[in-house]
Structure formats: structure tokens, C-alpha cells
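**Student:** Build the 3D model from these lines:
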Amino acid sequence: MCYERPGGHTFSLYLEGGSGTRRIDRADVNGWSGAFCVMPQGASSEWDITDVFTFVHVYMPDKEMRRFFAETFDRDCRLMVVPEATFDHAPTLGGALRRVAHAARSGDTLLADEAIATALASFFVDSRYGGTRPISVKSGLAPAVRRRVTDYIEAHLDTQITLPDLASIAGLSEFHLQRMFRVSCGVSPHSWVLHRRLAHAKTLLTGTEPIARIAAACGFSSQSHLTRVFKTMTGTTPSAFRQSVSGRA
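**Tutor:** Got it, this is the predicted structure:
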């Protein structure tokens, strides 16, 4: 497989397998589960693939990478460096990309947004990939900003909520919003949204609305999605919860 001067930057993590994948144009080495790769914009490469493997690719347009760099580190975007990497060991980046893969499989946009922001910040700070000055976030959101963000979440539980949306409301970068929200609220934006959706679902389950409609009203993609998350978080299903509430009444 060949990539000829692709547009955008690509971050990859081998989730399973990889020993049958070999880069043959430069570093004649084989991959492995957990291997991390970076292909900068315009970097051509050639690969020999002889076995099945699972991996996650994150494609970032150059302008989005530069915007993130400038907003997160308060530096001129022309100072951004994206070096090439083939089969590196990068546990922090790997963990973030695994969360991206999990979010993609579950269709959770906000979780993916948070994981990508964490991965990009970790990438730029890593001494192998630029060594940008580490970020220190000690203060939380101003009370008025916190109210604006949480009020927006409460009013949009039935729609897709993204990290860029919340950051825009707060007037912050995605990375700083995520960090400052955790300082102020004790959890990530994703966890906050998930708990508010579950609380709303519990309230609606005390009525007679069909569970499929409750799932849609709370921002879940389907009744099965609500059931899966509800059981994970509470230990019971929406149907069982409704029955227990009805029994107490």
C-alpha cells in the first residue's frame, strides 16, 4: 500500500496485531500491538501488509492542527512541528487514541472530541515530537461561564453536543475548556453530559412514555444504546428501573 503526498496529518495506533505490517520505504521494521505512527501532511510512504490487524487512524487537516496549536499553547502556528514517526512506543498518546477508537465504535462524538484534544496536546508536549512548553491549568471556569456551559448542556440533552460547541460558548480552546471544566465540576464534560442524560432519563421513566422515545429525548442513538449505558452506570435496565419506581408508588 502506498500513500502519495496525502493531505492532512495522520495519527495511527495499532490496536491488535501489526507484526505482519512493515514499512519498506524508510524504516524496514515491523509493527506491533500498541505501536504509534505519525504521517505529516505531504509525507509519502510505502507499506507491505501480510496479515490482519486492527488500528485507528485520526486524520487532522493542517489548518485544524495549527488552530489547535495556537489556541492551546498561545504560540504562533508557524512554530508548529509535526515530525514523522514509525512504530513508536507512546503510552499516553496510545491511551488517548484507544479512547478515540472506543468513541467511534459507540458513536460518542463528545468522548471522541475529548480524546483527540488530549492526544494532540500530549503529542505537542512530548519531547520527541516538538517538546512544546507543558500546559498548566490550575484555575476553573468563572461562575458565569460555568453556568453558560451547563445551561447549554441542559437545554440540548436531546441533540449532539460537541467539545468545540462547549469551548465556543466558554470562549476557550477545546483543551482548556476540558481541563478547566474538570477543575470546576469534578468530572470531564463528557461525564457531566452522560450523568445529566441519565438523570433526565430517570425522570422520564417515572411516566408512561415509551423507552425508545425517552432514549431519543435524552440524546441516545437508540433504545439499546440507552439500555447499555443505563445498565453500565446504574446496574439495572430502564425497564427494571421503571418497574421498581412503579412498585414503590
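
**Student:** ok but V56 is inside a helix, no?
**Tutor:** No - residue state for V56 (DSSP: H, G, I helix; E, B strand; the rest coil) corresponds to strand; a helix is not indicated.

**Student:** is it in a bridge, and if so with what?
**Tutor:** Taking DSSP bridges, one finds L13 as the beta-bridge partners of V56.

**Student:** pLDDT wise, what is K202 at?
**Tutor:** According to the per-residue confidence, K202 scores 96 in pLDDT.

**Student:** Surely it touches F241?
**Tutor:** Yes - with contact taken as Cβ atoms under 8 Å, K202 and F241 are classed as touching, separated by 6.8 Å. The C-beta positions use only the backbone N, C-alpha and C, and glycine is treated the same way.

**Student:** So which residues of this structure form helices?
**Tutor:** All helices of the chain, identified by DSSP state H, fall at 62-73, 91-106, 109-125, 143-155, 163-170, 174-185, 189-205, 211-217, 223-234, 238-248.

**Student:** Please verify my assumption that D126 contacts P91.
**Tutor:** No - using Cβ under 8 Å, D126 and P91 do not qualify as a contacting pair, with a distance of 10.8 Å.

**Student:** could the helices of the chain go into JSON lines alongside mean neighbour count?
**Tutor:** Rendered in JSON lines, the data for the helices of the chain read as follows (neighbours: other Cβ atoms under 10 Å):
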{"stretch": "helix 62-73", "mean neighbour count": "18"}
{"stretch": "helix 91-106", "mean neighbour count": "17"}
{"stretch": "helix 109-125", "mean neighbour count": "22"}
{"stretch": "helix 143-155", "mean neighbour count": "14"}
{"stretch": "helix 163-170", "mean neighbour count": "19"}
{"stretch": "helix 174-185", "mean neighbour count": "21"}
{"stretch": "helix 189-205", "mean neighbour count": "19"}
{"stretch": "helix 211-217", "mean neighbour count": "17"}
{"stretch": "helix 223-234", "mean neighbour count": "16"}
{"stretch": "helix 238-248", "mean neighbour count": "14"}
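
**Student:** measure S173 to S122 for me?
**Tutor:** For S173, the distance to S122 (Cβ to Cβ, to the nearest Å) stands at 15 Å.

**Student:** so where is the chain shaky, pLDDT-wise?
**Tutor:** By pLDDT under 70, the weakly predicted segments of the chain are 27, 248-249.

**Student:** Swap in 90 and give it another go.
**Tutor:** Counting by pLDDT under 90, the chain has low-confidence residues at 1-6, 24-30, 74-75, 106-107, 130-139, 221, 244-249.

**Student:** related to what we said a few turns ago, so which of the helices of the chain gets nearest T132?
**Tutor:** Go through the helices of the chain one by one with Cβ to Cβ and the one that ends up closest to T132 is helix 109-125, at 4.4 Å.

**Student:** now the angle from the closest one to helix 174-185?
**Tutor:** 110 degrees (axes from the mean of the first three to the mean of the last three Cα atoms, to 10 degrees).

**Student:** Compute the inter-axis angle for helix 109-125 and helix 163-170.
**Tutor:** Using the same axes, to 10 degrees: helix 109-125 against helix 163-170 is 80 degrees.

**Student:** what's in contact with helix 109-125?
**Tutor:** Applying Cβ atoms under 8 Å, 6 or more residues apart in numbering, the contact partners of helix 109-125 are 11, 38, 58, 60, 65, 68-69, 72-73, 80, 92-93, 96-97, 99-100, 102-104, 129-135, 160-164, 174-175, 178, 188-190, 193.

**Student:** Since that was my last question, I'll sign off now.
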